[in-house]
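Peer 1: The sequence and its predicted three-dimensional model are supplied below.
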Amino acid sequence: MRLRLTPREDSYYELFADSANNLVTASRLLVEIIGDDSDREALAEKMRACEHAGDERTHAIMNRLNESFITPFDREDIYRLASNLDDVMDFMEAAADLIVLYQIDHLPKEVVRQVEVLERAAELTADAMPRLRSMQHLNEYWIEINRLENQADQIYRRLLAKLFSGEFDTLTVMKMREVIEQLEAAADAFEHVANTIESIAVKES
Amino acid sequence: MRLRLTPREDSYYELFADSANNLVTASRLLVEIIGDDSDREALAEKMRACEHAGDERTHAIMNRLNESFITPFDREDIYRLASNLDDVMDFMEAAADLIVLYQIDHLPKEVVRQVEVLERAAELTADAMPRLRSMQHLNEYWIEINRLENQADQIYRRLLAKLFSGEFDTLTVMKMREVIEQLEAAADAFEHVANTIESIAVKES
Amino acid sequence: MRLRLTPREDSYYELFADSANNLVTASRLLVEIIGDDSDREALAEKMRACEHAGDERTHAIMNRLNESFITPFDREDIYRLASNLDDVMDFMEAAADLIVLYQIDHLPKEVVRQVEVLERAAELTADAMPRLRSMQHLNEYWIEINRLENQADQIYRRLLAKLFSGEFDTLTVMKMREVIEQLEAAADAFEHVANTIESIAVKES
């Protein structure tokens, strides 16, 4: 049996890992939602449940912060990381809600690529969380998230160019633009998570 | 006669309370501006005056920071809170300016609800400022601002769906979208104010 | 021969100055790109090279942070300033890329004014960087950047009003809106650089 000397600190890592795993679930719901024959209403409902679960984890982290004397790294960094993870969820949930709300029948295939990048970013983030404990091997995570964010930018800009090509009617263009903008914001928000982790590592180094 | 032992610290609270009260004034100007028979030019002029008054308070806080040896909480938190309050004002002023600039005759009634949420958020923020001194009873403020921000999100998304329903011509849709986006940004900015106050309380706890 | 007692600290200032000078180069490329008879493809390619050069400087700053025991000001402020400078470049590069991608033939003359403001902001930022060392005479820099950002706001809003006047077809409006939004975001990002420098000066005072 191994003694756990710092049970309180441990649980921050667990809460962050939980939060990131929840983003993996959300990103997979997005993959399903954009599928052509999906039951979007039901999936958007699951996405809302996912967002509520995320909110609960965020509040659990905040409450623990209010009770803890000792924290594994700066209080405001814990606070910011929890907020950043929460932001990613909010953008993914917004995208799902808008797809249902606008009753968009068919999304261009490039949206599939946007969402695949989000799924990959979520997986990388979930993988990185346990490494916060040792602050080791985080470098490849940042580099890969930055690469993914550049890729997301490229996909987003090409999608906009396609939307503005004259192929779609104006209202469809406007609706799709709102959706792909939320997905792009989610990709940016994953980069903010990585930036916060990078700045924590910079401080602790 | 009661001795004031810390006159310098007192005035930060007063400047923040002033700044938040100024947001209440601005939110009420917005309520008037979106009314159908309002004198929009005159009200937008009042809004600009309101924004200038806000800028002066922000600069007063910054100048005090440069002169003070002792501050009631971390210098960068005072700085960030002042900036967050300033952001709210900027978005409200932008919304007012765009309504006049685009000569939008009639706004959908949901915009009234958007602005009512802003007014309520401004009042709650102004109420919370004096409680910064004791750091007591701020919890209900965050919870309520978060609830209002969720409500603002819902109103905003439904408004977008209405704009994209085919009911309005394209240019009207585009103009109204810019206005409601600024109002949504103001609601988000109120949440940023609440987040900053929450993170101050987390540090001081 | 003059002894350099703190070679390590010196280089942060040099890296920041390099980064800001790179923004001056980028802003001048933008001025060329929006010219009517410019070779846009070639200039956008130069802009991408400029962005890569910026990324390298950002990484050089981050690496130095990881190696340094002593830094001229707080590690997280160095981190934030590097990120802010990087953001400006990203928005300028995005604007250039979108102009080429959308094959926008002619931009309204107000876009020239938007880009001139960016060029002036870049020059002011590059001028201010060496003054970080002494923290002297930064006040006029903030004031001027804030004035420029207000001017950029005015130009941007008037440009939107022009786009929505009925003079252009819908797709052209949408494409130009994306471009001028990136330029406006670059102006905002210059203000964020100035705000970070202001908050560093507030702390060090």
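Peer 2: Right, received. Where do you want to start?
Peer 1: What's the local residue count around residue A:124?
Peer 2: Residues lying near residue A:124 (other C-beta atoms under 10 Å in any protein chain shown) number 19. All C-beta atoms are positioned from the backbone trio N, CA, C, and that covers glycine.
Peer 1: How is residue A:72 classified with respect to secondary structure?
Peer 2: coil (DSSP: H, G, I helix; E, B strand; the rest coil).
Peer 1: surely it meets residue A:12?
Peer 2: Yes. In this structure, residue A:72 is within contact of residue A:12 by C-beta atoms under 8 Å, at 5.6 Å.
Peer 1: With neighbour numbers in mind, choose between the two.
Peer 2: Counted by other C-beta under 10 Å, residue A:72 and residue A:12 do not tie: residue A:12 has more neighbours, with 22 against 18.
Peer 1: Now for residue A:72 and residue A:12: what residues contact both?
Peer 2: Residues touching both residue A:72 and residue A:12 (C-beta atoms under 8 Å, 6 or more residues apart in numbering or on different chains): residue A:78.
Peer 1: Please name the residues that touch residue A:84.
Peer 2: Here residue A:84 is in contact with A:189, A:192-193, A:196 (C-beta under 8 Å, 6+ apart).
Peer 1: Need the nearest residue in space to it, chain neighbours excluded.
Peer 2: Excluding the flanking residues, the one nearest residue A:84 by C-beta to C-beta, 6 or more residues apart in numbering or on different chains is residue A:193, at 4.5 Å.
Peer 1: any idea how far residue A:88 is from that neighbour?
Peer 2: 7 Å (C-beta to C-beta, to the nearest Å).
Peer 1: which one of those two has more residues nearby?
Peer 2: Neighbour totals were compared for residue A:193 and residue A:88, and residue A:88 leads with 29 against 26 (other C-beta under 10 Å).
Peer 1: who's in contact with the more buried one?
Peer 2: Counted by C-beta under 8 Å, 6+ apart, residue A:88 has contacts A:23, A:122, A:186, A:189-190, A:193.
Peer 1: Of these, which belong to helices?
Peer 2: Members of those lying in helices (criterion: DSSP state H): A:23, A:122, A:186, A:189-190, A:193.
Peer 1: Pick the one among those closest to chain B.
Peer 2: Using C-beta to the nearest C-beta, residue A:189 is the member of the ones in helices among the contacts of residue A:88 that lies nearest chain B, at 13.5 Å.
Peer 1: So which bits of chain A are right by chain C?
Peer 2: Counting by C-beta under 8 Å from any C-beta of the partner chain, chain A comes close to chain C at A:153, A:157-158, A:160-161, A:164, A:166, A:170, A:173, A:177, A:195, A:198-199, A:201-203, A:205.
Peer 1: Can you flag the buried ones in these?
Peer 2: A:153, A:157, A:160-161, A:164, A:170, A:173, A:195, A:198-199, A:201-202 (16 or more other C-beta atoms under 10 Å in any protein chain shown).
Peer 1: sorry, back to before: mind checking pLDDT for the residue nearest to residue A:84?
Peer 2: Listed pLDDT for residue A:193 reads 96.
Peer 1: Is it in contact with residue A:82, as I believe?
Peer 2: No. Using C-beta under 8 Å, residue A:193 is not in contact with residue A:82, being 10.1 Å away.
Peer 1: quick one on the thing from earlier: tell me the spacing between the residue nearest to residue A:84 and chain C.
Peer 2: Distance of residue A:193 to chain C, computed by C-beta to the nearest C-beta, to the nearest Å: 14 Å.
Peer 1: mind showing which ranges of chain A have poor pLDDT?
Peer 2: For chain A, applying pLDDT under 70 flags the ranges A:1-10, A:205.
Peer 1: what about the residue most central in space within it, is that helix, strand or coil?
Peer 2: In chain A, the residue lying closest to the centroid (C-alpha atoms, centre = their mean) is residue A:88, at 3.6 Å. With three-state DSSP as the basis, residue A:88 sits in helix.
Peer 1: Distance of it relative to residue C:153?
Peer 2: Taking C-beta to C-beta as the measure, residue A:88 falls 29 Å from residue C:153.
Peer 1: need the helices for chain A, in chain order.
Peer 2: A:7-33, A:40-67, A:75-101, A:109-128, A:139-163, A:170-204.
Peer 1: what's the most buried one of those?
Peer 2: Of all the helices of chain A, helix A:75-101 carries the top mean neighbour count, a mean of 22, counting by mean count of other C-beta atoms under 10 Å in any protein chain shown.
Peer 1: for residue A:174, what are its contacts?
Peer 2: B:163-164, B:173, B:177.
Peer 1: farthest pair in those residues?
Peer 2: B:164 and B:177 (8.9 Å; C-beta to C-beta).
Peer 1: What does residue A:70 show for phi and psi?
Peer 2: Main-chain dihedrals, residue A:70, degrees, to the nearest 10: phi -120, psi 130.
Peer 1: Neighbours of it, how many?
Peer 2: Neighbours of residue A:70 (other C-beta under 10 Å): 7.
Peer 1: who touches stretch A:153-162?
Peer 2: Residues outside stretch A:153-162 that contact it (C-beta under 8 Å, 6+ apart): A:108, A:110-111, A:113-114, A:117, A:177, A:180, A:183-184, A:187, C:94, C:97-98, C:101-102, C:178.
Peer 1: show me what contacts the nearest residue to residue A:197 once chain neighbours are set aside?
Peer 2: Nearest in space to residue A:197, with sequence neighbours left out and distances taken as C-beta to C-beta, 6+ apart, is residue A:138 at 6.3 Å. Applying C-beta under 8 Å, 6+ apart to residue A:138 gives the contacts A:128, A:131-132, A:197-198, A:201.
Peer 1: Considering those, which is situated nearest to chain B?
Peer 2: Of all the contacts of residue A:138, residue A:197 has the smallest distance to chain B: 17.6 Å, by C-beta to the nearest C-beta.
Peer 1: tell me the contacts of the closest one?
Peer 2: A:81, A:128, A:132, A:138, A:141-142.
Peer 1: Looking at those residues, which is nearest residue B:33?
Peer 2: residue A:81 (39.3 Å).
Peer 1: any idea how far residue A:60 lies from chain C?
Peer 2: In terms of C-beta to the nearest C-beta, residue A:60 sits 25 Å off from chain C.
Peer 1: Then residue A:127?
Peer 2: Counting by C-beta to the nearest C-beta - residue A:127 and chain C are separated by 21 Å.
Peer 1: again, but for residue A:88
Peer 2: Taken as C-beta to the nearest C-beta, the span from residue A:88 to chain C is 18 Å.
Peer 1: contacting residues around the closest residue to that residue other than its chain neighbours?
Peer 2: Distance criterion C-beta to C-beta, 6+ apart; nearest residue to residue A:88, sequence neighbours excluded, is residue A:189 at 4.3 Å. Counting by C-beta under 8 Å, 6+ apart, residue A:189 touches A:84, A:87-88, A:91.
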